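Colleague: Coordinates for the following, if possible.
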Amino acid sequence: MRFSPIREFILNNLTAHQKDIVKTVIRKFGLSRQAVLRHMYVLIQGGKVTAHGKTKDRYYTLKPIVQKTVTITITPELEEDTIGRKHLFPHLSGFSSNIREICEYGFMEIVNNVLSHSAGDECTLKLKITDRNVHLYVHDNGVGIFRKIKKHFDLENQHHAILELSKGRLTTNPKTHLGDGIFSIIHLFDTVQINSGGLCWKYDSSKGHQVVKSGSTKGGTSVLMNVSTSSHNTLQNVFNKYSTDSNNSLFDRAEVPVSLARFDSENLMSRSQARRLFRNLEKFYEVCIDFKGIKLIGDSFADEIFRVFQNQHPNLKIECINANVHIENLVSGVRNNGSNYSS
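Modeller: Numbering: from 1, shown residues only. As a prediction, the model looks like this:
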């Protein structure tokens, strides 16, 4: 199959546009529908793409090179690296070292969580490899990750459990775990989706965090991890980004998505919301507050973080990213003239 920039675009964007890839290509290149469909036909005949459904409801997917599903009975003797060598690692041999590293790390961290924390008795593993992506899926029938964290840390709801997980350094068993596994995975893969207890926590490296109701309240936890085979990310990149040189320790820099502090569509106005956002962050050396998706915060919310909490922890470095002009001015005012903004 000869190289075509149009077909290359289709392959690179098909996963995100399964139902509207034809319209997406038309908008991008200004081609007619028939011209795009000819490119789709070439990809289908070349074994790169599969078409599903009839003309009206047709959608397309990348054709799997590897597609495997395994169900395992959880026993005390099971070890995550043994499971990986048997079911995953051999299929990664043809990929670059960083892709193997990302997939092996993500797989073993999630399976270790299942074996150590889920209290389930069965685990389902799925591997799907296409021309452009590696998809890993792990499901257990245990207590559910968000429920367990909510109960262990006496949180108000499972949504707050997701906020705590996003900060890193969170574990229900600090004697045997560091608590950085989920945090590392979130920032290694292109997209990660965790479903548990009726909530779905989605992270997209280009779009940020999102929590939605999944509609399913059945027990257990499902984790879906996707990485492009052209990704240049590495575990060392993640270590470097979220670690400082202050005390030679890993993950002493937190990046906190403010959007996860919101419950449903509520606005962030109160001191209690701010305290929830900064819960347990005193254990870090630097904290980066990400205001992506936040248009407005209240003065009490800002004052609690940038004056009260900062005064309580003067050695903690707090910075902001993705803040609009309103938030920047409010934060600047609190920092420079705290007494004028406190309430």
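Colleague: tell me which residues in stretch 151-164 are buried?
Modeller: Neighbour-count burial for stretch 151-164, counted by 16 or more other CB atoms under 10 Å, picks out Leu155, Gln158, His159, His160, Ala161, Ile162, Leu163, Glu164. In this view, the C-beta of every residue, glycine as well, is placed from N, C-alpha and C.
Colleague: scratch that, stretch 171-186
Modeller: So for stretch 171-186, counting by 16+ other CB under 10 Å, buried means Thr171, Gly179, Asp180, Gly181, Ile182, Phe183, Ser184, Ile185, Ile186.
Colleague: returning to what we had before: now, which of the buried residues of stretch 151-164 sits nearest Cys320?
Modeller: The closest of these to Cys320 turns out to be Leu163 (CB to CB; 17.4 Å).
Colleague: Spit out the contact partners of that closest one.
Modeller: Contacts here follow CB atoms under 8 Å, 6 or more residues apart in numbering; on that basis Leu163 touches Leu260, Ala261, Arg276, Leu277.
Colleague: Model confidence score at it, please.
Modeller: What the model reports as pLDDT for Leu163 is 94.
Colleague: Does anything pack onto the strand or helix carrying Thr61? Which helices or strands?
Modeller: Assigned by DSSP states H and E, Thr61 falls within strand 59-62. If you count contacts as 3 or more CB pairs under 8 Å, 6 or more residues apart in numbering; DSSP states H and E, strand 59-62 packs onto strand 49-52.
Colleague: Quick one: mean pLDDT over the strand it packs on.
Modeller: Here the average pLDDT along strand 49-52 is 94.
Colleague: Extract the C-alpha trace of that strand and format it as CSV.
Modeller: The C-alpha coordinates for strand 49-52 follow below in CSV (Å, rounded to 0.1, in the frame of the first residue of the first chain):
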residue,chain,number,x,y,z
VAL,A,49,-9.6,-0.9,8.9
THR,A,50,-12.8,-2.8,9.6
ALA,A,51,-16.2,-1.4,8.6
HIS,A,52,-19.2,-2.2,10.9
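Colleague: which residues sit in contact with the residue positioned nearest the centre of the chain?
Modeller: Compute the mean C-alpha point of the chain, and by CA atoms, centre = their mean the closest residue is Tyr203, 3.2 Å away. Tyr203 is in contact with Ile186, Thr191, Val192, Gln193, His209, Gln210, counting by CB under 8 Å, 6+ apart.
Colleague: hmm, 10 Å instead?
Modeller: Taking CB atoms under 10 Å, 6 or more residues apart in numbering, we find Tyr203 in contact with 166, 185-187, 189-194, 209-210, 225, 257.
Colleague: Of the residues you listed, which pair is most distant in space?
Modeller: Met225 and Pro257 (18.5 Å).
Colleague: mind giving me JSON lines with the buried residues of stretch 171-186 and columns for secondary structure?
Modeller: Formatted as JSON lines, the buried residues of stretch 171-186 follow (DSSP: H, G, I helix; E, B strand; the rest coil):
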{"residue": "Thr171", "secondary structure": "coil"}
{"residue": "Gly179", "secondary structure": "coil"}
{"residue": "Asp180", "secondary structure": "coil"}
{"residue": "Gly181", "secondary structure": "helix"}
{"residue": "Ile182", "secondary structure": "helix"}
{"residue": "Phe183", "secondary structure": "helix"}
{"residue": "Ser184", "secondary structure": "helix"}
{"residue": "Ile185", "secondary structure": "helix"}
{"residue": "Ile186", "secondary structure": "helix"}
